[in-house]
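Enquirer: this one's sequence-less:
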């Protein structure tokens, strides 16, 4: 019984420690955010970025849901409702994508 009790106490302490390290994300309408693309499995690669271009927050709904829209779409307004955990705040600046082509030759 002592082993079960000490295991329960240990789990409570570890959970409290990890919960203390979590940061609350507070989004406001008009902010720009990156969207985490977890469903893109077409191009496998360790160095490929999984964060999509900056989107603008249109509305913050209760329980962490956020409505984002694509500012670059000109024909029609594209908007999605996503989980706030899939967003990361965009602080501005240019997004630079580096591509390198290496031509290999047989020796």
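Expert: Nice, I can see it. Remember, it's a predicted structure, so these values are computed and weren't measured experimentally.
Enquirer: Across the sheet, point out what pairs with the nearest residue to residue 51 once chain neighbours are set aside.
Expert: Beyond its immediate neighbours in the sequence, the residue positioned closest to residue 51 (Cβ to Cβ, 6 or more residues apart in numbering) is residue 34, lying 4.2 Å away. Bear in mind the C-beta positions are built from the backbone N, C-alpha and C, glycine included. Legend: beta-bridge partners of residue 34 under DSSP bridges are residue 88.
Enquirer: roughly how far apart are residue 34 and residue 8?
Expert: Separation of residue 34 from residue 8 (Cβ to Cβ, to the nearest Å) stands at 39 Å.
Enquirer: more neighbours, those two?
Expert: Neighbours were counted for residue 34 and for residue 8 using other Cβ atoms under 10 Å; residue 34 has more, 18 against 10.
Enquirer: Surely that one touches residue 86?
Expert: No: using Cβ atoms under 8 Å as the test, residue 34 is too far from residue 86 to be in contact (9.2 Å).
Enquirer: Wasn't residue 54 part of a strand?
Expert: Yes: secondary structure assignment (DSSP: H, G, I helix; E, B strand; the rest coil) places residue 54 inside a strand.
Enquirer: ranges for the helices of the protein?
Expert: Chain-ordered helices for the chain, with DSSP state H as the definition, fall at 2-21.
Enquirer: I figured residue 58 hits residue 80, correct?
Expert: No: applying Cβ under 8 Å as the test, residue 58 and residue 80 come out as separate, 9.6 Å apart.
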